[in-house]
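Undergrad: Here is a sequence together with a model predicted from it:
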Amino acid sequence: MKKYIFLFLGIMGLMQYAGAQIDTTKTDFSLAFRTKKYVGFYYLNGFSGDVSFQKVMDHKLHFGFNVATSLLGSGLASNAVTATEVEVSVSCFYRVHKRLQPMLRLNVGFANAHYGDAIFDDLPQNDMLLSFEPGIAYTFPQKQNRMKILLSGGYNFISGNGITGLGTVYPVYGAFSFFWKL
Amino acid sequence: MFVEINMSLKNKIFTIVLLSAIVLASCSKDDALPPIDNAIDLDGTLINDSSLAFPEKYLQSAGNVNPSTLDLEIPVVICAHGFSATTFEWNEFCEFAKSKQNIFTSQVLLGSHGRDYADFKAGTWQQWQQPIIDEYNKLRTLGYKKIYLAGASTGCALIIDIIKSNKINADVLKHIFLIDPIVVPSNKTMTLISVVGPILNYTEASKEKGENGFWYKYLPSQAIDQLNSVTQIIRKDLESGIKLPVNVGMTVYKSKKDNSADPISAVLIKKGLKLSNGSDVEVQMIDSDIHVVTRLRGRNVISDKDIENQKFVFNNMGDKI
């Protein structure tokens, strides 16, 4: 419960600066560290890329990709299954010239799991990913507005049951991304 | 009307949240009892697992309180059933063991199981586990020298926890058999039970006619939450690594297509559970689409392949005992 109170207070604090104006260029490129946690399953860590254009809805529409793996998350120095996910995404950011920006994102991609033994070769090892991910982003005033964090939660429309789909894909997840504008 | 139209944004949001809460609350079945049919449902108060009335027929410790020196040399397999099931799940194996004439069995009824809905709802996974520990301790105290543990589905998760948490003295434990162990559920929405549970209250399990009276039909969200807890704990323990006690072996039999326990449960066990010398445990992936390949009785459709698989697992277990 404590962490939710701190999270709430943090968001309230950020709201103090939420109205400040942010300048954009013709094309904005960002790279991010991304951590994703399935509810009831693994942490997957990796990176994201994001690009938006002034000509395309004045930076409201973003195109990006996410690559995350349990090797850098739950599988780090543990016996967890190696699960890797690669996605491309389209996001719609609102209040793009303000510090606090609500966001809606659609991710499409694929997931792979590596079981490490031939006896498991008959089990599903790949699956499609399709998820809806709403969230909220905040751009920090330091470093010429280059730093942005994104808190989001997602729902996988395709989750695996281990028979017809990959067992490492769970329906609900939370994600945190730390962007750096190039 | 005018006031409503001119509500501030804050008030609108508050109203929406309040209405949503009311709708969700009205959707909840609260603590209402499911439509239990006492005449046929195990969930009712009339039908109980037979081991409660006749423990001597199911438990070696109760059936033979003064074992001879010869008896004490005979291996005893303690069989633990799965979530919502009863001792029925191990009947066929016990009949097989009896036919071999040199294996004793103890069909343990998990705590809060085989009784009624209220018991199932109130039980914790630690209470489910306790009868396995109790039977092992009783047999060990009686002097049995070769004890085996066999679990089906959730019974496997409970056994893994017993080993990991050193809940028994494993000096007379010889081997562990896991049949379709559950570490990762096939139905991934189970992980959301703490959120949706209060709204659902209970879910109805689809059971075949021959399973009536041997499985709980209505699964309280509290019991599903307990199942979710124990599988989460075991998964994390396996990620950290578990070592079996010295001289204890393990064989895992896992159906390749299992709509209850995701087959990657076997992957996690193979990666996370090692023999005392660091070697891998034995895993047999069974070409089957049923959950708990050793239990065929009560199923509507049984194929030749199912019978073959059951025979293979029983014989394989028999060879290791």
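TA: Received the coordinates, thanks. Numbers count the residues shown, from 1 in each chain, chains lettered A, B, ... in the order given.

Undergrad: Isn't B:K320 up against B:T251?
TA: Yes. B:K320 is within contact range of B:T251, at 6.4 Å (criterion: C-beta atoms under 8 Å). The way it works is simple: take the backbone N, C-alpha and C, and place the C-beta from them, glycine included.

Undergrad: shared neighbours of the two, which are they?
TA: Residues touching both B:K320 and B:T251 (C-beta atoms under 8 Å, 6 or more residues apart in numbering or on different chains): B:H175, B:F177.

Undergrad: Would you mind telling me which of these two has more residues around it?
TA: Ranked by neighbour count (other C-beta atoms under 10 Å in any protein chain shown), B:K320 and B:T251 place B:T251 first, with 19 against 15.

Undergrad: Checking my notes, the more buried one in a strand, right?
TA: Yes. Counting by DSSP: H, G, I helix; E, B strand; the rest coil, B:T251 falls inside a strand.

Undergrad: Can you give me the distance of it to B:D134?
TA: According to C-beta to C-beta, to the nearest Å, B:T251 and B:D134 sit 24 Å apart.

Undergrad: Residue 32 - how many residues pack around it?
TA: Since no chain was named, I'll use chain A. 20.

Undergrad: not quite, I wanted chain B
TA: There are 9 residues near B:A32, going by other C-beta under 10 Å.

Undergrad: Report the contact partners of residue 181.
TA: Just going to use chain A. Residues near A:K181 by C-beta under 8 Å, 6+ apart: A:D28, A:F29, A:S30, A:N145, A:R146, A:M147, A:K148.

Undergrad: wrong one, chain B
TA: B:G151, B:S153, B:C156, B:A157, B:I160, B:V252, B:K254, B:A261, B:S265, B:A266, B:I269.

Undergrad: In chain A, what residue comes closest to chain B?
TA: Relative to chain B, the nearest point of chain A is A:G40 (2.6 Å; C-beta to the nearest C-beta).

Undergrad: What strand or helix carries the residue nearest to B:E211 when sequence neighbours are not counted?
TA: Distances taken as C-beta to C-beta, 6 or more residues apart in numbering or on different chains place B:G298 nearest to B:E211, at 4.4 Å, with adjacent residues excluded. Counting by DSSP states H and E, no helix or strand carries B:G298.

Undergrad: which ones are touching B:G298?
TA: B:G298 sits in contact with B:F88, B:E208, B:G210, B:E211, B:F214, where contact means C-beta under 8 Å, 6+ apart.

Undergrad: circling back to that earlier point, report the buried members of the contacts of A:K181.
TA: For the contacts of A:K181, a burial check counting by 16 or more other C-beta atoms under 10 Å in any protein chain shown picks out A:D28, A:S30, A:N145, A:M147, A:K148.

Undergrad: from the residues you listed, which two are the most distant?
TA: A:D28 and A:M147 (13.1 Å; C-beta to C-beta).

Undergrad: Skipping its backbone neighbours, what lies nearest the residue of the stretch 201-321 of chain B found nearest chain A in space?
TA: Nearest residue of the stretch 201-321 of chain B to chain A, counting by C-beta to the nearest C-beta: B:D262, 3.4 Å away. With C-beta to C-beta, 6+ apart as the criterion, B:D262 has its nearest non-adjacent residue at 3.4 Å, and that residue is A:G162.

Undergrad: SS state for that neighbour?
TA: What three-state DSSP gives for A:G162 is coil.

Undergrad: quick one, what contacts it?
TA: A:L123, A:P124, B:V184, B:S186, B:D258, B:D262, B:P263, B:I264.

Undergrad: Tell me how many other residues surround the second one.
TA: I take that to be A:P124. 20.

Undergrad: Please look at it and A:T164 and confirm they touch.
TA: Yes. Using C-beta under 8 Å, A:P124 makes contact with A:T164 at a distance of 7.1 Å.

Undergrad: I'd like the distance between the residue of chain A most remote from its centre and B:N259.
TA: Here chain A reaches farthest from its C-alpha mean at A:I119, the gap being 33.1 Å by C-alpha atoms, centre = their mean. The gap separating A:I119 from B:N259 is 21 Å, by C-beta to C-beta.

Undergrad: near chain A, which residues of the stretch 51-200 of chain B?
TA: B:V184, B:S186, B:N187, B:K188, B:T189, B:M190, B:T191, B:L192 (C-beta under 8 Å from any C-beta of the partner chain).

Undergrad: Good, wrapping up.
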